[in-house]
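1. when you get a sec, could you give me coordinates for this:
(one chain, ligands or ions: 2)
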Amino acid sequence: MAYEKELKVAQLAVVRAAILTKAVFHEKAKGTVSKDDKSPVTIGDFGAQALIIAAIKHNFPSDEVVGEEEASSLREQKDLSSTIWNLVKDVKLDDPESDALLGGPIKSEAEMLDAIDMGNSAGGDKGRIWALDPIDGTKGFLRGGQYAVCLALIVDGDVKVGVLGCPNLPVDDRELLTEGIGAAATDAEGKGVLFAAVQGQGATSQPLTRGAVTPGHPIHVSQISDVSEAVMCESVEPGHSSKGDNALIAQKLGISRKPVQMDSQAKYGSVARGAGDLYLRLPVRKDYVEKIWDHAAGDLIVREAGGQVTDITGSRLNFGLGRTLTENKGVVAAPANVHPQVLQAVREVLDAK
Ligand SMILES: Nc1ncnc2c1ncn2[C@@H]1O[C@H](COP(=O)(O)O)[C@@H](OP(=O)(O)O)[C@H]1O
Ligand SMILES: [Mg+2]
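-> Ligands and ions are numbered 1, 2, ... in the order given. Predicted coordinates for the structure are as follows:
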């Protein structure tokens, strides 16, 4: 199967990074990390980026990575660097064979910093480029909510492999009955979902473990035929997408159920497994430029699960442009059968403004 090795390496790299982010999340929840509220996410971000890039470079040395973090500031902050290194050096997968596939542990602090620096690709529409967001949903991570470890392989501008590790989402679909679609966070061990997709091969999910990955089970967007029954997903943060526009669009579509607010690309995972129906991300600030790593994995996972993902003009998101999606044209993700109707409502509401 095409991209079999890439998928496995990506899944295991995300699993490995999530071991670290979960540890930091637990410490933060217990209040045992630094008083500086931003530091847990900084530690988690840098550490996860190092663990993922080292795994990619071990297997695919000539691939490039577009990563959210760069190590230059870290090189000057020796204390922070050694705090991160003390966590990173101990992270390994429970399954030795899987750990060996990733090249085993990172060998030194210098190697860790070098790995972080390799996330400096300019991106673009040529070649093999991995888009990496080590902790997407920073605000959710700090609030004790949802966050996601996100990794996608883009080849000549096209997303071929997408993986989302969502450590705080409930695994069992039966839990959805009691826990809504998982917006309520829990960091208990045994929770967490690993979503994955390969272009043309469908999307899957499986529990986010600490070791080997399985083929996962196929997931599908909801079979909704009447859009008025839909559950809409949106950001928690009002500054990231327009809740007012969402409410007007819901009204136009006859949707009466309250939207589910959730941080990070976990929203794409929820739509892909049919736990939520729609995800709307409508621009608040016209000058904000969306980053490719905030959408690449989720875009493929939803499309491979039978959904459609476009911007508000109806165009597919363009991942070949570099590190960004140029202008902030938002996101409309929905099951393919209702996407045209949703997009129409989005256009009507935005045009009337
Ligand atoms: N004004 C804005 N409009 C849209 N997205 C924004 C934004 N400001 C920040 N973001 C992005 O929104 C992401 C979180 O999205 P969500 O609200 O769905 O959780 C952030 O990712 P990080 O948390 O990785 O920085 C950040 O990249
Ligand atoms: Mg992000």
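2. after the top helix by length along the chain comes which helix or strand?
-> Using DSSP state H, we find that the single longest helix of the chain is helix 4-30. Next along the chain after helix 4-30, taking DSSP states H and E as the criterion, comes helix 39-59.
3. next, the contact list for residue 13, please.
-> Neighbour list for residue 13: 51, 52, 55, 56, 102, 151 [criterion: C-beta atoms under 8 Å, 6 or more residues apart in numbering]. (Each C-beta comes from the backbone N, C-alpha and C, glycine too.)
4. return the set of residues that bridge with the closest residue to the fourth one other than its chain neighbours.
-> Going back to what we said before, that points to residue 56. Closest residue to residue 56 apart from its sequence neighbours, by C-beta to C-beta, 6 or more residues apart in numbering: residue 130 at 5.7 Å. When bridges are called by DSSP bridges, residue 130 pairs up with residue 65, residue 153.
5. show me the helices in the stretch 151-300 of the chain, by range?
-> Using DSSP state H, counting those that start in this stretch, the helices of the stretch 151-300 of the chain run over residues 175-179, 243-252, 266-272, 296-304.
6. how about the third one, does it reach ligand 2?
-> If I follow you right, that is helix 266-272. No: applying C-beta under 5 Å from the ion, one finds helix 266-272 separated from ligand 2 by no less than 11.4 Å.
7. got the contact list for the closest residue to ligand 2 within the stretch 251-353 of the chain?
-> Sorted by distance to ligand 2 under C-beta to the ion, the residues of the stretch 251-353 of the chain start with residue 294, at 4.2 Å. Applying C-beta under 8 Å, 6+ apart to residue 294 gives the contacts 133, 136, 150, 265.
8. those residues: which ones sit near ligand 2?
-> 133, 136.
9. what is the most widely separated pair among the contacts of residue 294?
-> Using C-beta to C-beta, these span at most 7.6 Å, a distance reached by 133 and 265.
10. identify the contacts common to these two.
-> By C-beta under 8 Å, 6+ apart, residue 133 and residue 265 have these common neighbours: 148, 150, 294.
11. show me the residues you listed that map onto strands.
-> 148, 150 (DSSP state E).
12. between the shared contacts of residue 133 and residue 265, which sits nearest residue 334?
-> Nearest member of these to residue 334, counting by C-beta to C-beta, is residue 294, at 18.5 Å.
13. look up how far residue 309 lies from residue 341.
-> 15 Å (C-beta to C-beta, to the nearest Å).
14. these two: who's more crowded?
-> Taking neighbours as other C-beta atoms under 10 Å, residue 341 and residue 309 compare with residue 309 leading, 22 against 13.
15. does the more buried one touch residue 297 like I think?
-> No: counting by C-beta atoms under 8 Å, residue 309 does not reach residue 297; the two are 11.5 Å apart.
16. low-confidence regions, this structure specifically.
-> 29-38, 173-190 (pLDDT under 70).
17. and it, what are its domains?
-> The chain is divided into the following domains under automatic domain parsing: 4-219, 227-351.
18. quick one: end-to-end length of the shortest one, please.
-> In this case it means domain 227-351. Domain 227-351 has its terminal residues 21 Å apart, counting by C-alpha to C-alpha, to the nearest Å.
19. how distant is it from the center of its chain?
-> How far domain 227-351 lies from its chain's middle: 14 Å, per C-alpha atoms, centre = their mean, to the nearest Å.
20. repeat that for the longest one.
-> Taking the mean of its C-alpha atoms, domain 4-219 sits 9 Å from the chain's own mean (C-alpha atoms, centre = their mean).
21. check whether that domain contacts ligand 1.
-> Yes: under the criterion of C-beta under 6 Å from any ligand atom, domain 4-219 makes contact with ligand 1 via 133, 136, 137, 138, 140.
22. among these, which lie within strands?
-> Using DSSP E, the residues of domain 4-219 next to ligand 1 in strands are 133, 136.
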